[in-house]
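> need a 3D model of the sequence below.
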Amino acid sequence: MTGKEEAAALAQAADVQKQALMGTAPEEEKSGETAENAPFEKGAAAGMSEAGDAPPAADEEPAALSDAAVLAHTASLWQYHPVPTDEPDAAPEYMKEERRLGTADFIAARVRGKKHKHDGTNCDDWFAAAETSGIAIVAVSDGAGSKRFSRVGARAASEAAVGAIYEQLRTLDAAGAEQRTAFALPTDDAAFVEACAKLSAVLHEGVLAARRAVLAAFYERCGRAAYTKLLGRDIALSDFAATLLVTVVVPVPECAELLVLSCQVGDGMTCAVNTHAPCGSAVKLMGKPDSGDFSGETDFLTSEAMTDVSNLQRRTLVTRGAYDLVLTMTDGVADDYFNAQELHRLYLDLMLNGVLPNVQDNEMFTRDDIEFLRSLPQPEAVPWVNDKETRVALHSAEHLCRALGTTQEALWQRAHVLSLAAADTSLKDVASRAERLKIWLDNYLTRGSFDDRTLALLSWGDAGHA
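So this is what the prediction gives:
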């Protein structure tokens with residue numbers, strides 16, 4: 001790094017400190033219920049490293065700040081203010097769920113972002129899920145951050161979309177025996193294409209129902225004093241603007257595959273993963289965010305264009321393959337794992353922190369596996385935003401690659417043992433995987449990351465798709 005670059009990095013850190021003293025939120029990173037975080041230890045955890053660099057000797061030039069050093073510094077600057085109690089439709093700080101959906105394990109969590117915690121404002125994300133006849137339905141939604149009541153739109157949209165699709169799958173022939181048989185035919189077979197078209201129509205009706213629910217939520221609150229007082233004006237439909245990602249997953253046991261359909265309005269990301277495939281080719285992206293060069297360019301469900309079925313068709317992707325994991329997330333996570341390559345890293349991070357299923361009891365480990373586990377560095381511990389005296393230690397694939405001088409591909413080849421590394425983290429005594437996911441979402445650090453974070457996953461593990 002050049003001297004100019006070093007000076008720029010130091011100036012950037014100084015500017016962060018200045019912003020903190022002035023009472024504004026730090027901008028280097030994007031992103032309680034204290035009782036739920038009881039497994040965390042107070043103070044610097046024994047045996048856990050702290051991100052940061054030692055001060056230089058007097059006769060040495062100061063070294064450039066690493067990402068870890070900047071993150072360690074800014075982590076201490078964020079402030080915590082609870083969810084406001086004087087606003088209508090207050091959203092809980094945290095939300096999590098863990099249950100079976102057909103043959104899949106469903107795990108999801110939603111956390112209030114650091115910026116909302118710092119400002120004492122509500123979380124804007126929501127998620128919902130259901131299952132019928134073995135078909136899983138998942139929706140995630142992110143309210144527009146600049147809109148005070150977008151959280152209302154996000155909740156109405158995700159719950160209505162899942163409910164509408166659930167009802168149609170129960171009452172229509174989309175889940176019938178003949179239809180399910182067609183899902184196993186070759187993908188270029190006319191019967192397969194027709195069956196997928198019918199299922200896509202059900203998916204689109206779910207999106208349309210979501211939009212109607214947002215409008216209903218708006219109409220219900222029109223003219224109510226609590227809303228006009230808070231805004232200083234009458235509410236508008238745009239105050240309820242939200243994104244929506246809806247995914248339907250159909251197990252196809254005849255060919256040990258999953259049929260995945262996803263429709264996306266706005267930013268965020270959905271993907272299907274074959275965890276047994278080679279790194280670099282395991283992830284299938286199921287859509288692209290609408291946002292362009294500026295975050296304000298994203299489309300929202302409140303747009304009149306979302307009533308056009310042909311528009312929804314262009315936003316829908318269908319794939320069938322030997323997948324065993326489906327992930328869908330709002331932009332608070334998607335922006336940190338922003339393409340197929342980064343989504344491979346997301347899988348590794350979830351494994352390293354014990355969010356995804358543990359290895360099977362009959363898993364055989366080689367001597368190399370044992371030596372690899374012994375070589376892992378201690379996880380990095382950083383202050384928890386809600387309580388600076390609490391430090392949370394988490395593994396990250398990026399840190400492991402730097403510390404071990406290895407690659408993401410090499411870690412992928414060891415994925416079957418990575419979940420054992422969670423024994424060194426603050427999550428070691430947390431039994432619930434949904435709780436682990438919640439804690440991980442609340443505490444992993446990425447520069448420029450301070451938004452609300454929602455991640456929902458469907459995992460079939462080694463149980464197959466029967």
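> what stretches of the chain score poorly on pLDDT?
Within the chain, the ranges that satisfy pLDDT under 70 run 1-63, 173-176, 290-297, 358-363, 462-466.
> ok, residues contacting whichever strand or helix holds Ala128?
With elements taken from DSSP states H and E, the one containing Ala128 is strand 125-132. Counting by CB atoms under 8 Å, 6 or more residues apart in numbering, strand 125-132 makes contact with 91, 95, 97, 100-102, 106, 108, 110, 136-143, 151, 154-155, 157-159, 161-163, 165-166, 169-170, 175, 330, 332, 452-454, 456, all of which sit outside it. C-betas here are computed from N, CA, C, even on glycine.
> give me the PyMOL select line for those, limited to the buried ones.
Written as a PyMOL command, the selection of buried residues from the contacts of strand 125-132, which uses 16 or more other CB atoms under 10 Å, is:
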select buried, resi 91+95+97+101+102+106+108+110+136+137+138+139+140+141+142+143+151+154+155+157+158+159+161+162+163+165+166+169+175+330+332+452+453+454+456
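> so which of the contacts of strand 125-132 sit within helices?
Among the contacts of strand 125-132, the members falling in helices are 151, 154-155, 157-159, 161-163, 165-166, 169-170, 332 (criterion: DSSP state H).
> and of those, the nearest to Ala64?
Proximity to Ala64 was ranked across these by CB to CB; first place goes to Gly332, at 28.3 Å.
> help me confirm that the closest one comes into contact with Gly143.
No. In terms of CB atoms under 8 Å, Gly332 does not count as a neighbour of Gly143; the distance is 11.6 Å.
> quick one, strands of the stretch 1-150 of the chain?
Listed in chain order, the strands of the stretch 1-150 of the chain (DSSP state E, counting those that start in this stretch) span 41-42, 49-50, 94-101, 104-111, 125-132, 135-142.
> export those to CSV and tack on distance to Ala216?
Putting the strands of the stretch 1-150 of the chain into CSV (distance: least, CB to CB, whole Å) gives the following:
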stretch, distance to Ala216
strand 41-42, 47
strand 49-50, 50
strand 94-101, 22
strand 104-111, 23
strand 125-132, 16
strand 135-142, 15
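> for Asp429, find the nearest of these.
Between Asp429 and the strands of the stretch 1-150 of the chain, the shortest separation by CB to CB is 10.5 Å, and it involves strand 41-42.
> so how far does stretch 76-89 reach from one end to the other?
According to CA to CA, to the nearest Å, stretch 76-89 extends 30 Å from its N-terminal end residue to its C-terminal end residue.
> burial measure for Lys229, as a count.
Around Lys229 sit 10 other residues, with neighbours defined as other CB atoms under 10 Å.
> quick one: which helix or strand includes it?
In the assignment (DSSP H and E), Lys229 maps to helix 225-231.
> and the next helix or strand after that helix, how far from the chain's centre?
For helix 225-231, the following helix or strand on the C-terminal side (DSSP H and E) is strand 244-252. Offset of strand 244-252 from its chain centre (CA atoms, centre = their mean, to the nearest Å): 16 Å.
> tilt between strand 244-252 and strand 104-111?
160 degrees (axes from the mean of the first three to the mean of the last three CA atoms, to 10 degrees).
> distance check, Asp452 against Phe127.
Relative to Phe127, Asp452 is positioned 11 Å away (criterion: CB to CB, to the nearest Å).
> overlap in contacts of the two?
Contact with both Asp452 and Phe127 is made by residues Arg110, according to CB under 8 Å, 6+ apart.
> for Thr406, give its distance to Pro278.
With the distance defined as CB to CB, Thr406 ends up 16 Å from Pro278.
> quick check on those two: which one has the bigger neighbour count.
Set side by side, Thr406 and Pro278 show unequal neighbour counts under other CB under 10 Å, the larger going to Thr406 at 15 against 11.
> report the contact partners of that one.
Under the criterion of CB under 8 Å, 6+ apart, the contact list for Thr406 reads Leu400.
> is it in a helix, a strand, or coil?
Thr406 falls in the coil class when you classify it by DSSP: H, G, I helix; E, B strand; the rest coil.
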